[in-house]
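Student: I would like to see how this sequence folds:
(one chain, ligands or ions: 1)
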Amino acid sequence: MAGKHIVIQDMEKVFKTRSGDIQALTKVNLDIEASSFVSIVGPSGCGKSTLMNLLAGLEAPTGGTILMDGEVVKGTETGNAVVFQKDVLLEWRTVIQNVILPLELKNITWFDRKDKKTNRDMAMELLQMVGLEGFENKYPFEMSGGMRQRVAICRGLIQSPTLLMMDEPFGALDALTREQMMYDLLKIYSTFKFTVVFITHSIEEAVFLSDRVIVMSPRPGSVLKDIKIDLDRPRGINSRKDQRFIQYVDEIRSVFQSQGVLSEV
Ligand SMILES: Nc1ncnc2c1ncn2[C@@H]1O[C@H](COP(=O)(O)OP(=O)(O)OP(=O)(O)O)[C@@H](O)[C@H]1O
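Tutor: Residues are numbered from 1 along each chain as shown. So this is what the prediction gives:
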């Protein structure tokens, strides 16, 4: 299954508030190739989450357009899955019931599927893939932060997305779990080959995962730098030792320094 091709043209977003207008994004132009992995990094408040909400059709731009496979985005679309920093699992449903939820909401059953797999079979396959086999009947409160986020990812994947959008998905996790989640995500990406738009504060995470890293300016956010990451796949622990990995991280850090976003005391 191929991923979505996204074209963002002169996109603007202004929020009207009681204390005046807030220009969150200005003149954002991006062409995201189908099935590529693109990360967006930028200082706090530069409009990353706003950009994702616009892509997901949860908000409308106040200027410009977003095209997905040539069609203007007018609202939420099938084929899009979103994973947030907070996993927003339903505490009263078991793990497997949480994963199946999007299919239930859309009334999708085995009958609608060519391979006639049940929703439960689909969920079990995904849970197995992320190492959660045996936990399907647990409740979210019985799981660690990393496990919960894996469940949230499975809940996204069960919709067979062609675009997976992730907003700081590992931001609340400890460093080791976060690193493991990156390896897991790359495995998932190589299996499904959908388009991924990944928002993060971590320069290393962005370089490690992506085909391209988009560096955004401070608010109003726009594309400051678009860096192609030329590192071989599959990537693993050793990729971080690659001289090019270190150079990309340095390059992005320098962009932030030049913007005054990072400075030494
Ligand atoms: N619904 C809203 N109403 C008014 N202003 C908003 C709204 N949503 C976001 N903003 C403002 O738009 C700007 C961009 O916010 P956004 O959350 O997209 O930034 P961000 O880059 O994701 O930040 P962070 O990295 O801290 O999560 C901020 O100044 C924020 O206060």
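Student: Those residues of the stretch 1-150 of the chain touching the ligand, which are they?
Tutor: Proximity of the stretch 1-150 of the chain to the ligand is confined to 15, 17, 22, 24, 42, 44-50 under the rule CB under 6 Å from any ligand atom. The way it works is simple: take the backbone N, C-alpha and C, and place the C-beta from them, glycine included.
Student: any low-confidence regions in this protein?
Tutor: By pLDDT under 70, the low-scoring segments of the chain are 1.
Student: cutoff 90 now
Tutor: In the predicted model, the chain carries pLDDT under 90 at residues 1-2, 75-78, 85-88, 106-117, 129-130, 159-160, 171-174, 177-178, 181, 259-265.
Student: can you give me the helices for it?
Tutor: According to DSSP state H, the chain carries its helices in the segments 48-55, 95-105, 119-129, 145-157, 175-192, 203-209, 243-258.
Student: To residue 77, which of those lies closest?
Tutor: Ranking the helices of the chain by their distance to residue 77 (criterion: CB to CB) puts helix 48-55 first, at 9.8 Å.
Student: which residues are in contact with that closest one?
Tutor: Applying CB atoms under 8 Å, 6 or more residues apart in numbering, the external contacts of helix 48-55 come out as 6, 8, 11, 13, 24-25, 28, 40-42, 59-61, 66, 73, 80, 82, 163, 165, 167, 197, 199, 216, 221.
Student: These in strands, which ones?
Tutor: Taking DSSP state E, the ones among the contacts of helix 48-55 that sit in strands are 6, 8, 11, 13, 24-25, 28, 40-41, 66, 80, 82, 163, 165, 167, 197, 199, 216.
Student: hang on, the earlier thing: quick one, which of the helices of the chain is nearest to residue 138?
Tutor: Ranking the helices of the chain by proximity to residue 138 (CB to CB) places helix 95-105 first, at 5.4 Å.
Student: would JSON lines of the helices of the chain with mean neighbour count be doable?
Tutor: Below are the helices of the chain laid out as JSON lines (neighbours: other CB atoms under 10 Å):
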{"stretch": "helix 48-55", "mean neighbour count": "22"}
{"stretch": "helix 95-105", "mean neighbour count": "19"}
{"stretch": "helix 119-129", "mean neighbour count": "18"}
{"stretch": "helix 145-157", "mean neighbour count": "23"}
{"stretch": "helix 175-192", "mean neighbour count": "16"}
{"stretch": "helix 203-209", "mean neighbour count": "23"}
{"stretch": "helix 243-258", "mean neighbour count": "15"}
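Student: out of those, nearest to residue 136?
Tutor: Comparison of those against residue 136 by CB to CB identifies helix 95-105 as nearest, at 4.1 Å.
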